[in-house]
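Peer 1: structural data only, the sequence is not supplied:
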């Protein structure tokens, strides 16, 4: 099992460019998440999908959109990248949302916006 | 709204010694779970330990144990016999009805 995979691992964008971060999990989990990690800020939730067909905003959704393509895949799109979106992005999944469910994380994508 | 606070940005411990990382949280929910995750330099997040709020007994996983004080809303992580491989960022996390909330993390350095 690969667990949670993310592509790409690294990306450099210019201000205004768009891109999509891909995430897939092979654990048959219902819930998936996108976080960003910035120094001193911890992990902040961008969007989550409690189950296939649903998506909800997290703490910092502005400038992002998501698509839960199917049960396995959850993508994050930056429509017009800004330097403030320079960060490390993590995708995670869990069997169900909240409660005792451990989150399993991907390896992260380091994004730099110039 | 729920909050998670880790007031120690960085801690150091001598190899083989014991260190305690602090975490406090705030919530009005009665049923919730608390977690500690480890993020080594590889960036891969790993679950260290989990505690259910209804269980009074503190969770233990080998050299890792927690001190859960529900009334004080405190959830500290104790690492015994620290090893070089314990060097990492440690995140405290709260899980309630639908989603997690993470603290800002504590970077643990282990000195040889």
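Peer 2: Here it is on my side, so go on. Because the structure is predicted, anything quoted here is derived from the model rather than measured.
Peer 1: interface residues of chain B facing chain A?
Peer 2: Residues of chain B lying close to chain A by C-beta under 8 Å from any C-beta of the partner chain are B:6, B:9, B:33, B:35, B:42-45, B:47, B:50, B:52, B:91, B:95-105. In this view, the C-beta of every residue, glycine as well, is placed from N, C-alpha and C.
Peer 1: from the residues you listed, which land in strands?
Peer 2: Counting by DSSP state E, these place B:33, B:35, B:47, B:50, B:52, B:91, B:95, B:100-102 in strands.
Peer 1: now do residue B:91 against residue B:33, distance only.
Peer 2: 14 Å (C-beta to C-beta, to the nearest Å).
Peer 1: could I get the ones in strands among the residues of chain B next to chain A as a markdown table with pLDDT and distance to residue A:13?
Peer 2: Output for those, formatted as a markdown table (pLDDT from 0 to 100; distance: C-beta to C-beta, whole Å):
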| residue | pLDDT | distance to residue A:13 |
| --- | --- | --- |
| B:33 | 95 | 37 |
| B:35 | 96 | 33 |
| B:47 | 95 | 32 |
| B:50 | 95 | 37 |
| B:52 | 92 | 42 |
| B:91 | 97 | 27 |
| B:95 | 93 | 33 |
| B:100 | 86 | 28 |
| B:101 | 92 | 29 |
| B:102 | 94 | 25 |
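Peer 1: of residue B:91 and residue B:33, which one has the most company?
Peer 2: residue B:91 (25 against 20; other C-beta atoms under 10 Å in any protein chain shown).
Peer 1: helix, strand or coil: sort out residue B:85 for me.
Peer 2: helix (DSSP: H, G, I helix; E, B strand; the rest coil).
Peer 1: could I get the contacting residues of it?
Peer 2: Under the criterion of C-beta atoms under 8 Å, 6 or more residues apart in numbering or on different chains, the neighbours of residue B:85 are residue B:40.
Peer 1: pLDDT score assigned to it?
Peer 2: Note for residue B:85: predicted pLDDT of 95.
Peer 1: wait, doesn't residue B:49 sit right on residue B:61?
Peer 2: Yes. Assessed by C-beta atoms under 8 Å, residue B:49 is found in contact with residue B:61 at 4.9 Å.
Peer 1: and the two? Which one has more around it.
Peer 2: Neighbour totals were compared for residue B:49 and residue B:61, and residue B:49 leads with 20 against 12 (other C-beta under 10 Å).
Peer 1: the residue nearest to residue A:109 when sequence neighbours are not counted: neighbour count?
Peer 2: Of all residues not flanking residue A:109 in the chain, residue A:89 sits nearest, at 4.7 Å (C-beta to C-beta, 6 or more residues apart in numbering or on different chains). Residue A:89: 22 surrounding residues under other C-beta under 10 Å.
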